[in-house]
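Enquirer: coordinates for the following, if possible.
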Amino acid sequence: MQAILAREFGGPDVLKLEDLPDPVAGAGQVRIRVHAIGVNPYETYMRAGVYAIKPDLPYTPGADAAGVIDQVGAGVTGWKAGQRVYISGTAQGKAQGAYAQYAVCLPEQLHRLPDRISFAQGAGLFVPYVTAWRALFGRANTRAGDRVLIHGASGGVGSAATQFAAAVGATVIGTAGTDEGLALVRAQGATHAFNHKSAGYLDEVTRVTDGRGPDVILEMLANVNLDHDLTVIAPGGRIVVIGNRGRVEIDARKIMMKDVQVFGFALWGIPPDEIRRAHLAIHAGLESGALNPVVGTEMPLGDAARAHQQVMEPGARGKIVLVP
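Expert: Presented below is the predicted three-dimensional model:
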């Protein structure tokens, strides 16, 4: 099979397309013929060697993919060849990830993909939607009637969070950096959409919340926005830090005076029961039509290096997907 392999840590150019032996599903395992692979920002940090988890070299990146089961190992029940699935990681962990033509998974890493959802859309389900669900409901306890500000709402996690929040009856305020991104944010269910490059956009956030501020803020770039979030958040509000790219200085008195809660989490640290609940919510949303993953760009698997550059650039618009 063809797969992306990183033999050293470094820039995007360390990602090389190589020919590797086809993996085989062993006892208790299932092999997937991969049709689409999702690209996530954390994979760029891992590739650079600066992530909290550092895989042994060489390794194949990726935890998000969708495809069709083509081998079922001994002892596996409930799955059969020909079923459409999306995956949440691989049996080999970081050593042999999803940037490949085949992936071997454990049964608990498989999730049924409805016929109406394309493989490209399915490749954007695990990391973005589990992250969004955990932030909104596992951390911020988002409820109907809450006003939710989602920074970077046009990206993979942002669009997932917009769909989830709108589905439960929250009022979503989304930000993006381009006109195309703002149109996408509105299309996913946001009531208000503001350009975060515009001076005074946070004043608009305050205005549309009747001067109170949002009850929940999902923060994708805490080193830039967190102190401003503390200024605009409603009394008793909840801020969830999903992304950060550097140190940040805040005025802790803002947390104290408004009785604000600030949460953080990493995908690999979410308790298993919370991940199980997130997938149940994803399945329900896919079946009902409330959730519809947005694919912004599709690239050949060999363009993984270019995908790693693009996923870190401003102006995100949906999910970047690699096609083997």
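
Enquirer: what are the boundaries of the helices in this protein?
Expert: Under the criterion DSSP state H, the chain contains helices at 41-48, 119-122, 126-133, 156-167, 179-187, 201-208, 222-232, 252-258, 272-288, 304-310.

Enquirer: tell me which of those is the most buried.
Expert: helix 156-167 (a mean of 27; mean count of other CB atoms under 10 Å). For glycine as for every other residue, the C-beta is placed from the backbone atoms N, C-alpha and C.

Enquirer: ok, the most centrally placed residue in the chain to residue 160 distance?
Expert: The chain has residue 128 as the residue nearest its centroid, 1.9 Å off, counting by CA atoms, centre = their mean. In this view, residue 128 and residue 160 are 4 Å apart by CB to CB, to the nearest Å.

Enquirer: equivalent analysis for residue 55, please.
Expert: Note on residue 55: its distance to residue 160, by CB to CB, is 25 Å.

Enquirer: and residue 20, by the same measure?
Expert: 31 Å.

Enquirer: if we can go back for a sec, wait, the residue nearest to the centre of the chain sits on residue 156?
Expert: Yes: shown here, residue 128 and residue 156 form a contact pair, counting by CB atoms under 8 Å, at 4.0 Å.

Enquirer: tell me, what's touching these two both at once?
Expert: 38, 40, 293, 319 (CB atoms under 8 Å, 6 or more residues apart in numbering).

Enquirer: using a markdown table, lay out those together with distance to residue 64 and neighbour count.
Expert: Shown next, in a markdown table, are these (distance: CB to CB, whole Å; neighbours: other CB atoms under 10 Å):
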| residue | distance to residue 64 | neighbour count |
| --- | --- | --- |
| 38 | 3 | 32 |
| 40 | 7 | 24 |
| 293 | 10 | 26 |
| 319 | 9 | 29 |
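
Enquirer: contacts only, for residue 118.
Expert: So residue 118 contacts 36, 295 (CB under 8 Å, 6+ apart).

Enquirer: rewinding a little: tell me the one among the shared contacts of residue 128 and residue 156 nearest to residue 79.
Expert: Distance to residue 79, by CB to CB, is smallest for residue 38 among the shared contacts of residue 128 and residue 156, at 21.0 Å.

Enquirer: bridged to that closest one, which residues?
Expert: Counting by DSSP bridges, residue 38 forms beta bridges with residue 321.

Enquirer: how near is it to residue 191?
Expert: Counting by CB to CB, the gap from residue 38 to residue 191 is 28 Å.

Enquirer: pretty sure residue 145 contacts residue 168?
Expert: No: shown here, residue 145 and residue 168 do not form a contact pair, counting by CB under 8 Å, at 9.5 Å.

Enquirer: which regions of the protein sit below the pLDDT cut-off?
Expert: 93-94 (pLDDT under 70).

Enquirer: domain ranges for it?
Expert: As given by automatic domain parsing, the domain ranges for the chain are 2-125+293-323, 127-267.

Enquirer: from residue 229, how far out is the nearest residue in space to residue 221 that is not next to it in sequence?
Expert: Leaving out its chain neighbours, the residue that sits closest to residue 221 by CB to CB, 6 or more residues apart in numbering is residue 243, at 5.7 Å. Taking CB to CB as the measure, residue 243 falls 13 Å from residue 229.

Enquirer: where do the contact lists of the two overlap?
Expert: Joint contacts of residue 243 and residue 229 (CB under 8 Å, 6+ apart) are residue 219.
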